[in-house]
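Sequence and predicted structure below; questions after.
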Amino acid sequence: MAQEGSRSLIVDEKSLDRMLTRIAHEIVENNNSIENVVLVGIIRRGEVLASRLAEKILSFTGFKPKVGSLDISFYRDDFRRNIAPVLHATNIDFDISGTSIVLVDDVLQTGRTIRAALDALIDYGRPERVQLAVVVDRGRRELPIRPDYVGKNIPSSKSQVVSLNVKEIDGQDCVLLYEADYSNPFIEGEN
């Protein structure tokens, strides 16, 4: 674990790529018909990760699953406390009814983001099955939600932040661990 100031580098770019390759292989292995699988990423980083997983699946099966993105802002149970939520456009331009959805997120902790995503998905149709892929599982669940695919388990305390960075948004691919700064009211909270 390399130190970056007060931040610890937990996963580097190569390790993140290997994790995504393994998750993509597991998705193919655990679904009878990859042609029925669609990937839906929770905005923001989940959307990037879903696209990467689709490319990896294409590279070893010759089939690229459809990819969508899901904004859960209005479905969160803390929505009313968030004075100015950042809204993004959901992009699911295909029918999800009868499909096997792999919901993709970056970091899983309490499970509240996933609960909100499940609620949001139902507005778009009735999938045959919903699976969950996360790159990092922190533990500390508050809801009975368990991922089907996990890149790495990183047990951490409530005072710590686990941040998955992707080049497309953050300029680098890595996972960082650092102490939360509760004096900053704009710190990104857990999912």
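Perfect, I can see it now. Numbering: from 1, shown residues only.

Every contact and neighbour count from this point should use C-alpha atoms.
OK.

what residue ranges in the protein are flagged as low confidence?
1-5, 77-88, 182-191 (pLDDT under 70).

please redo it, this time with the cut-off set to 90
1-7, 73-89, 158, 180-191 (pLDDT under 90).

could you show me where the strands are in it, in order?
2-4, 7-11, 37-42, 66-70, 100-108, 129-137, 149-153, 160-165, 174-179 (DSSP state E).

Tell me the neighbouring strands of the third one, and mark each as parallel or antiparallel.
For strand 37-42, sheet partners with direction are given as strand 66-70 (parallel), strand 100-108 (parallel), following DSSP bridges.

With the second one instead?
Sheet neighbours of strand 7-11, with direction, are listed as strand 2-4 (antiparallel), strand 174-179 (antiparallel) (DSSP bridges).

quick one on the thing from earlier: mind checking which of the strands of the chain is nearest L143?
Shortest distance between L143 and these, using CA to CA, is found for strand 100-108: 11.2 Å.

That closest one: which residues count as buried?
For strand 100-108, the buried set under the neighbour-count rule, 16 or more other CA atoms under 10 Å, comprises S100, I101, V102, L103, V104, D105, D106, V107, L108.

How much space separates the last one from Y124?
Which is L108. 23 Å (CA to CA, to the nearest Å).

Who is the closest residue to V130 other than its chain neighbours paired with across the strands?
Using CA to CA, 6 or more residues apart in numbering and skipping the chain neighbours, the partner closest in space to V130 is I101 (4.7 Å). Beta-bridge pairing for I101 (DSSP bridges): V38, V130.

Touching, I101 and V38? I think so.
Yes. Assessed by CA atoms under 8 Å, I101 is found in contact with V38 at 5.0 Å.

now stretch 170-184, how far from the chain's geometric center?
Offset of stretch 170-184 from its chain centre (CA atoms, centre = their mean, to the nearest Å): 16 Å.

How about that stretch, which residues are buried there?
Neighbour-count burial for stretch 170-184 [16+ other CA under 10 Å]: D173, C174, V175, L176, L177, Y178.

which residue sits closest to the third one, ignoring its sequence neighbours?
Think V175. Closest to V175 by CA to CA, 6+ apart is L164, at 4.4 Å.

gap between that neighbour and S15?
12 Å.

Name the residue in the two with the higher neighbour count.
L164 (20 against 16; other CA atoms under 10 Å).
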